[in-house]
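J.: Have a look at this fold, sequence not included:
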């Protein structure tokens with residue numbers, strides 16, 4: 001589908017069973033990964049996760065090996081071994097003289113439809129729920145300033161040595177848990193995370209740092225056990241996973257949020273018109 005410069009990409013997919021995830025070639029991050037796991041397998045798992053959440057969409061080139069190795073903090077030899085394993089698994093495609101690309105995420109019997117829509121108004125969860133006449137409350141799980149991970153540094157286009165404000169919270173609508181959000185922002189925008197109350201965007205509004213646009217990917221998947229328990233879901237029930245990067249008016253990425261949503265309590269409505 002052709003994409004014009006007004007469009008925001010929304011990715012919809014469904015991993016109905018674990019064996020289907022294997023067919024797609026993305027795979028799942030190894031739950032038992034530890035520091036004793038060989039480094040190339042840790043790198044492979046991290047890259048698989050990046051592919052699974054859309055860091056590199058299908059048919060998009062990964063950064064050059066030298067750059068990617070530096071961002072992850074490993075040697076090119078270690079990175080190359082991880083890339084070779086991913087290529088053998090069908091998750092990556094190497095094109096001589098062109099680079100390494102994320103493979104198509106679809107199997108013939110499980111097509112993934114990508115839909116593009118004109119940009120919608122950028123709103124926060126609090127604003128969305130209030131617009132629906134619902135009350136919003138927040139339970140904070142994490143509010144701290146920490147080191148950035150390589151995946152987060154890549155998403156925010158910041159240095160791997162930078163610090164970030166790290167936020168994790170449960171969002172409730174009418175006292176029912178609707179989603180869990182994991183958010184990171186460059187520390188310069190949120191020097192003291194404890195000053196954020198229910199709404200991050202209200203805080204950013206007050207500091208003249210509210211984002212003006214976003215790129216968001218939405219996928220259906222099974223929830224990790226911890227998040228499923230909080231949202232009162234079975235790990236065998238599909239939920240919505242969102243990955244969103246928002247941008248300041250100056251063009252810099254300001255927020256990277258990964259959210260797990262209770263699919264029966266949260267829906268996404270897109271209004272379209274004729275040509």
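T.: Thanks, I have it. A quick note: this is a predicted structure, and the numbers were derived from the prediction, not measured. Numbers count the residues shown, from 1 in each chain.

J.: Not counting its neighbours along the chain, what's nearest residue 144?
T.: residue 166 (5.4 Å; CB to CB, 6 or more residues apart in numbering). In this view, the C-beta of every residue, glycine as well, is placed from N, C-alpha and C.

J.: downstream neighbour of the helix or strand encompassing the one you found in the secondary structure list?
T.: Using DSSP states H and E, residue 166 sits within strand 163-173. The element immediately downstream of strand 163-173 (helix or strand, assigned by DSSP H and E) is strand 176-186.

J.: So in that sheet, which strands flank that next one, and in what orientation?
T.: If you go by DSSP bridges, strand 176-186 pairs up with strand 163-173 (antiparallel), strand 253-261 (antiparallel).

J.: okay if I get those as TSV plus distance to residue 204 and mean pLDDT?
T.: Shown next, in TSV, are the strands paired with strand 176-186 (distance: least, CB to CB, whole Å; pLDDT from 0 to 100):
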stretch	distance to residue 204	mean pLDDT
strand 163-173	11	93
strand 253-261	8	91
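
J.: looking at the ones you listed, which is buried most?
T.: Greatest average neighbour count among these goes to strand 253-261 (a mean of 22), per mean count of other CB atoms under 10 Å.

J.: if we look at that one, which residues are touching it?
T.: The contact list for strand 253-261, computed with CB atoms under 8 Å, 6 or more residues apart in numbering, reads 53, 152, 155-158, 178-186, 189, 200, 204, 209, 211, 223-224, 227, 231, 239-248.

J.: starting at the chain centroid, how far to it?
T.: 6 Å (CA atoms, centre = their mean, to the nearest Å).

J.: Kindly report the same for stretch 49-69.
T.: That offset, for stretch 49-69, works out to 13 Å (CA atoms, centre = their mean).

J.: hmm, back to that, I'd like to know which of the contacts of strand 253-261 are buried.
T.: Restricting those to buried positions leaves 53, 152, 155-156, 158, 178-186, 189, 200, 204, 209, 211, 223, 227, 231, 239-248, with burial counted as 16 or more other CB atoms under 10 Å.

J.: The helix or strand hosting residue 241 pairs with which strands, and in what direction?
T.: Per DSSP H and E, residue 241 falls inside strand 238-247. Its sheet considered, strand 238-247 pairs with strand 213-222 (antiparallel), strand 253-261 (antiparallel) by DSSP bridges.
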